[in-house]
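[1] Requesting a structural model of the entry that follows:
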Amino acid sequence: MKVVAFLGSPRVQGNTEILLKEALKPINEAGHETTLIRPDQMNISPCLNCGACDASGECIINDEMDEVYELIRKCDRFIMASPIYFAGLTAQIKTMIDRCQSVWCEKFLLNRDIPSGPEGRKGLLIMVGSHDKEMQYKCGNTTAAAFFRTISVPEHQTLYYTGIDAMGEVDNRPDAFKEVFEAGQRLVAKV
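    Down below sits the predicted model:
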């Protein structure tokens, strides 16, 4: 299987990245092909809402988002990991998601769905934040669900971890390490 992981955190080796790498461990150990995408380190312009993709399903902006589009089409499994800022996904990951408007147009206006491989398509969402209330994570999950459905990922598991803010604070949460590791295993398990 081919797996792409989108890391929304601009903090290098931050709590979100640590958990994402833990989720990728069983996937890599099983020999699956993985690609890590860090939108904060890529040249991805925001969506212009120009409407050009309405008729073609293709974005007219030529930048590193082209690499993301290619991965969306060829991968079977998708992981999105993001810290939660002001009850939402980070600007870096949201910019990437917004640029998938062309994929939305292709699917819903032009009726050209992304075909699934023999293993189908599944997703995993990991959110990390200092907030201790579930409602702070609902917006991030809603945004990720819209993204996943747009790229023809019909189901995804959501994990979120509260009370984590300072650098390395996740190290005090063995429950989180265990859960994301097991979620990574399930993501690539043959049904």
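
[2] Only C-alpha atoms from now on, for both contacts and neighbour counts.
    Noted.

[3] Centre of the chain to stretch 96-115, how far?
    16 Å (CA atoms, centre = their mean, to the nearest Å).

[4] next one: stretch 60-67
    Using CA atoms, centre = their mean, the offset of stretch 60-67 from its chain centre is 18 Å.

[5] what about it, average pLDDT?
    Across stretch 60-67, pLDDT averages out at 96.

[6] Same question for stretch 108-126.
    92.

[7] what's the first-to-last distance across it?
    Stretch 108-126 has its terminal residues 27 Å apart, counting by CA to CA, to the nearest Å.

[8] ditto for stretch 49-59
    End residues of stretch 49-59 are separated by 10 Å (CA to CA).

[9] now swap in stretch 164-172 and tell me
    9 Å.

[10] May I see the buried residues of that stretch?
    164-165, 170 (16 or more other CA atoms under 10 Å).

[11] how would you label the residue most central in space within the chain: helix, strand or coil?
    A centroid search over the chain (CA atoms, centre = their mean) returns M80, at 2.3 Å, as the residue closest to the centre. Three-state assignment for M80 (DSSP: H, G, I helix; E, B strand; the rest coil): strand.
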